[in-house]
Each structure stands twice: as structure tokens, then as C-alpha cells.
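J.: Show me how the following folds:
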Amino acid sequence: MIIRPIAHQDLSALQQIAVESGPGFTSLVNDLAFLRRKIQHSIESFQASVSQPGHESYLFVLEDPVTGDIMGTTAIAASVGLDNPLYHYHNSQVVHHSRALGLYRRIDVLNMCNHYTGCSEICTLFLRPQFRRAYAGKLLSKVRFLFMAQHAHRFAETVIAEMRGVSYEDGRSPFWNWLSANFVDLDFPTVTQLVGAGNNSFIAELMPKYPLYTHLLSDEAQGVIGKVHEKTKPALHLLESEGFRHKGYVDLFDAGPTVEAELSQIRTVADSIECQVQAVSPDMPVLHCRKTGTQGGVLAIANTGVNDFRASVTDQAIYLPQHNLLQVPADLALALGLKNGGTARIIQLAAAKTSAIPGANEASGNQQQELQYAHR
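T.: Numbers count the residues shown, from 1 in each chain. Predicted structure coming up:
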């Protein structure tokens, strides 16, 4: 598996992902013109010389180098809410208190806001069902943090992820069902299509501008506020293990939670290592020798480039901390654009196992196979 920047040749695969991901996955819509623009914007972002985060959007694809199949996608938006407002509801409380009558009540409310304007966003993570395998989902998630760690000046200090909220197989959302019945006469697939295409002016025009008292919502709508889609739970757990936390902000349409973390405090960013590369023959004895003071197991490895960025996962490389040296098989080094004496950035995904990646840590692999739907 190799992760690389998207290219125009990936258009048909990206469209298929847009179809497979379904309603609620607002960062991809089944519209060829929209997807072409999205790919072109990503290409221009990777090519841009950047000193601070702006309108850039970096879209990656996970490719099977043997078959050429596009297995999934993942992305980073450098700074959100600059072109179009990024709306959320903030789930908070108000207190109604009458000292004279001795009455006191604390009430949950949803307030519309633009709290995350200017933050970086990790988004568009989708692993296609037929390509679920050990470490594929984890690599799609963590590769963004390797890229951000290496090129921190391209991103804001606060990083967010909008998690997919609860919706049904037929495309309906319990939260939006109540909103549409009372305020906006549009179905959920139409709304997500509009938002995904950047047509969100209807939010300011039609959505309620005053706080929503949540106890007035239907029981079904109340029950999904801050909850994620069943197939998004593994992705949420993975982000929580990275240090992301939910602070009460939810999506306007399905009430899915938005989680946040400080870039420098994200576990993969903080723990990843930039090291020197030594490309070696696959049969070199050192690669089969687990000496004290070495770090092997399953490693995610990325080059330190931008436009030529590549990343993969392997259990055939060894990191020597005392020399800050990564010994990697020559064929993998070639595939990742790594050269002798050059640099790479790595993070350990799992400790050394006796079996190879396809069967290593089967329980972990099964968990990652569930990582199909993630964040929009």
C-alpha cells in the first residue's frame, strides 16, 4: 500500500468513492465537475510555496501498487471557513433563575456559531469496503499527521475533525428530520449535496438564528446529538487515542461531533521521528536481527517531500535510535522516493511480531477493517 497525492488519473476512482460513501459524507459529492476542481485544487496546493496556512487542501489516495486500484482517500484542509462560513451548533446550557420565586432550571441549548474559522481540518477519510485490510485504515488516518508534523508551517495550531453523525441506510438523519420538518423543507441527501458542493448560503437564509432548546426536539433527534455513525466509531476511537476531544460542537445537519486537538500535542505528531535513511538489500542480515536498542515491528514511513510525498506501512524496516538511522529495504525505499543519506519520518504502529503484516496482530487488523466511514 502506498499513499500519494491525488492526480487527475484518479478521477473515476474518486467518483466511485463519492458514490460508495453515501449521504452525510459532505466533502465528496457525485459530481464530476466538482471532483475535477477538487483534484486540481489539491494539485495546486501540493505545488504551492507556503509560509502559513491558507486556502490549501491536500487530498491523498491509498493505492495498491500491484493492481493500481485506489483503495481509499484522506485529506487535510489547511484553514477552514475562509471561503465559506463553517457553521456548527455549540451544545451548551443556559440557566433560568428567579430568586423571588425560588425557581431554578438549567436547560440545554444549541447555538449556531463559526467557532472553528481558520483551523486546520482532517477530513475525507474513506476506506473502500473491498479493500479493508490490516493497517489500511490506520495508515489513512496517521499519514496526515506525519505530513503535518513535517510541514507544520502549512497548518494552523488547532486541528479539527468533523465526525459523521447518525443517519439511516435510506439516507435519512434523525436530527435533520426534526429540523427539516420545522424549518427547512429539504431532505438530508439534498442538504449534504449542497454543502459538499459549497452551496451553503441557505444556512444563513433558512436555518433558525436563535438558540434551539434541545428539550423541544423530538426524542429521536435529542438522542443523536454528539453521537457518531456506527461505522465511524473506530475512526473516532483512533482520533481520541491521538488526543482529540469533543468540546460540545456538533454538525448542523446530523449533529455529529467535531473533535479538536492542538497540532503539536497530537500523539503521532509529537512521537514521530525524522531520521536518516539507509537503503539496504532485503537479504541483509541486519534486517532480520532484532538487537537491543532497535525499533522494528510495523512502521508507518513517509518521505519528507510535499509534491512528491509518499508513505507506506511495513514490518521490514529497522530504526536504530542511537544513530537516528532507518534501515529500509531498497525496493521500498525506491517506491517511497527515499535515498541513502536522505530523510524520512516514521511512527511505530505496532511492536515487533513474529508474523508478517497481513496476519500480524489479527485483532488489530480486524479493528482496522471496520474503519470504513470516518470523517467528512
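
J.: For Lys145, pull up the helix or strand it's in.
T.: For residue 145 the amino acid is Phe, not Lys. Under the criterion of DSSP states H and E, Phe145 resides in helix 136-150.

J.: now that helix, how far from the centre of its chain.
T.: 9 Å (C-alpha atoms, centre = their mean, to the nearest Å).

J.: mind saving the C-alpha coords of that helix as PDB?
T.: Extracted in PDB, the C-alpha atoms of helix 136-150 (Å, rounded to 0.1, in the frame of the first residue of the first chain):
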ATOM      1  CA  ALA A 136      -5.000   0.300   5.900                       C
ATOM      2  CA  GLY A 137      -7.400   2.500   7.900                       C
ATOM      3  CA  LYS A 138      -4.800   3.300  10.500                       C
ATOM      4  CA  LEU A 139      -2.400   4.400   7.700                       C
ATOM      5  CA  LEU A 140      -5.000   6.600   6.100                       C
ATOM      6  CA  SER A 141      -5.600   8.300   9.400                       C
ATOM      7  CA  LYS A 142      -2.000   8.700  10.600                       C
ATOM      8  CA  VAL A 143      -0.400   9.700   7.300                       C
ATOM      9  CA  ARG A 144      -1.900  13.100   7.600                       C
ATOM     10  CA  PHE A 145      -0.200  13.700  11.000                       C
ATOM     11  CA  LEU A 146       3.100  12.600   9.500                       C
ATOM     12  CA  PHE A 147       2.700  15.100   6.700                       C
ATOM     13  CA  MET A 148       1.600  17.800   9.200                       C
ATOM     14  CA  ALA A 149       4.500  17.100  11.500                       C
ATOM     15  CA  GLN A 150       6.900  17.500   8.700                       C
END
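
J.: For it, what does the pLDDT average out to?
T.: Helix 136-150 shows a mean pLDDT of 95.

J.: Equivalent analysis for stretch 324-341, please.
T.: Mean per-residue pLDDT for stretch 324-341: 95.

J.: One more: stretch 298-310?
T.: 96.

J.: buried residues in that stretch?
T.: Residues of stretch 298-310 classed as buried: 298-306, 309-310 (neighbour count, 16 or more other C-beta atoms under 10 Å). Every residue, glycine included, has its C-beta placed from N, CA and C.

J.: Find the nearest non-adjacent residue to Leu336, please.
T.: Arg310 (4.4 Å; C-beta to C-beta, 6 or more residues apart in numbering).

J.: Hmm, that neighbour is touching Leu332, no?
T.: No: shown here, Arg310 and Leu332 do not form a contact pair, counting by C-beta atoms under 8 Å, at 10.1 Å.

J.: So what's the gap between stretch 300-315 and the chain middle?
T.: Counting by C-alpha atoms, centre = their mean, stretch 300-315 comes out at 17 Å from the chain centroid.

J.: all strands for the stretch 201-350 of the chain, in order.
T.: 212-213, 245-250, 257-262, 273-280, 298-303, 311-314, 318-320, 325-329, 343-350 (DSSP state E, counting those that start in this stretch).

J.: got CSV for those, with distance to Ser21 too?
T.: Shown next, in CSV, are the strands of the stretch 201-350 of the chain (distance: least, C-beta to C-beta, whole Å):
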stretch, distance to Ser21
strand 212-213, 28
strand 245-250, 20
strand 257-262, 18
strand 273-280, 33
strand 298-303, 24
strand 311-314, 22
strand 318-320, 35
strand 325-329, 33
strand 343-350, 25
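
J.: now for the ones you listed, which one comes closest to Cys113?
T.: For the strands of the stretch 201-350 of the chain, proximity to Cys113 was assessed by C-beta to C-beta; strand 245-250 is nearest, at 7.7 Å.

J.: tell me what the closest one is packed against?
T.: Where contact means 3 or more C-beta pairs under 8 Å, 6 or more residues apart in numbering; DSSP states H and E, strand 245-250 is packed against strand 88-98, strand 257-262.

J.: Tell me which of the ones you listed is the most buried.
T.: strand 257-262 (a mean of 22; mean count of other C-beta atoms under 10 Å).

J.: Neighbouring strands of that one in the sheet, and parallel or not?
T.: strand 158-162 (antiparallel), strand 245-250 (antiparallel) (DSSP bridges).
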